[in-house]
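Chemist: sequence-free structure coming up:
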């Protein structure tokens, strides 16, 4: 039986009032560097009517840059954000066992729109809307939304809440004892800003994860790195992405996104260089994962870029 038939049979069970269910027009969809995303039309016959619903299948990958993947976790985040001011696709069904397609998966609605290029860091008329959407993420009452499960470390410690999962990834990649990571991890713990607070983080606010209709964000996508931590961490990871993929950022960790974020929120953003350093810690681990896909030489070059950026960003404070 073709996988589309197996999926249709599963969805027929989820729609007991339907007389017939078919999965049509499956197609790979653009996604981030670590995701697999399949669009399809869910055709449903019931009560003499026929519907063709645009949907998205997100199967769980067993290996990849950011393994381990957990589609159940992503599904729970999407469900928790339904009804908040954060625009997300509607998460419809979760199959966590792998019994249907061989791997766990979830199905969500497909939202029409366009993204900026994945590694776009220039000016755009859409950037203020992206900043406003990110601010909406940070404003979510994560406790009321039932998102405590994102705290893989002590939720009251913004840094440890973030670093714990990344240290675990570094252990799996066998790079946890890399001198750069050890030195940077110690520096981050010793220099955490006193005003750090805990909020919901998207985890990867790169331009490709915002879906636009015109200048408005209609969906924030790819929640696999959702976490708890200080809101500036999202801005810092964007700055780290820019360092690695778009050239060096501002002298104090500022970017066009952080400027837009400050404008839409009215906040005075401080310690951005610290949060870019935290983002570079994460990027060092991401690039170690990329070494398996693109070669150790590419990852090694990126680590040199990260080390040079830390020297520029932190100056005499950095002795890694």
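Modeler: Yep, that arrived. Here the structure is a predicted model, which is why all the values come from computation and not from measurement. Residues are numbered from 1 along each chain as shown.
Chemist: describe which strands the biggest strand by length in the chain pairs with in its sheet and in which direction.
Modeler: Assignment by DSSP state E gives strand 49-59 as the longest strand of the chain. Taking DSSP bridges as the criterion, strand 49-59 forms sheet pairs with strand 38-46 (antiparallel), strand 105-109 (antiparallel).
Chemist: name the residues that touch that strand?
Modeler: Under the contact criterion Cβ atoms under 8 Å, 6 or more residues apart in numbering, strand 49-59 has outside partners 7, 24, 26, 29, 35-44, 71, 74, 89, 92, 101, 103-110, 112. Heads up, the C-betas are built off the backbone N, CA and C, glycines and all.
Chemist: and it, which residues are buried?
Modeler: Using 16 or more other Cβ atoms under 10 Å as the test for burial, strand 49-59 gives 55, 56, 57, 58, 59.
Chemist: quick one: that strand to chain centroid distance?
Modeler: Between the mean C-alpha location of strand 49-59 and the chain-wide mean there is a distance of 23 Å, by Cα atoms, centre = their mean, to the nearest Å.
Chemist: with stretch 187-197 instead?
Modeler: Shown here is stretch 187-197, whose average C-alpha point lies 23 Å from the average C-alpha point of the whole chain (Cα atoms, centre = their mean).
Chemist: any low-confidence regions in the stretch 201-320 of the chain?
Modeler: Regions of the stretch 201-320 of the chain meeting the criterion pLDDT under 70 cover residues 248-249, 290-300, 317, 319-320.
Chemist: residue boundaries of the helices in it?
Modeler: Under the criterion DSSP state H, counting those that start in this stretch, the stretch 201-320 of the chain contains helices at 232-241, 256-265, 272-294, 296-314.
Chemist: from the buried residues of strand 49-59, which single one is nearest residue 283?
Modeler: Out of these, the one with the shortest distance to residue 283 is residue 58. That distance is 24.0 Å, counting by Cβ to Cβ.
Chemist: could you report the separation of that closest one from residue 86?
Modeler: Shown here: residue 58 relative to residue 86, a distance of 18 Å by Cβ to Cβ, to the nearest Å.
Chemist: buried subset of the contacts of strand 49-59 as a PyMOL selection?
Modeler: Restricted to the buried members of the contacts of strand 49-59, where burial is judged by 16+ other Cβ under 10 Å, the PyMOL selection command reads as follows:
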select buried, resi 7+35+36+37+38+40+41+42+43+44+71+74+89+92+101+103+104+105+106+107+108+109+110
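Chemist: buried residues, stretch 232-251. List them.
Modeler: When burial is assessed from 16+ other Cβ under 10 Å, stretch 232-251 yields the following buried residues: 232-244, 249-250.
Chemist: before we move on, what about stretch 160-168?
Modeler: Judged by neighbour count using 16+ other Cβ under 10 Å, the buried positions of stretch 160-168 are 160, 161, 162, 163, 165, 166, 167.
Chemist: ok now it, how far from the chain's centre?
Modeler: Between the mean C-alpha location of stretch 160-168 and the chain-wide mean there is a distance of 15 Å, by Cα atoms, centre = their mean.
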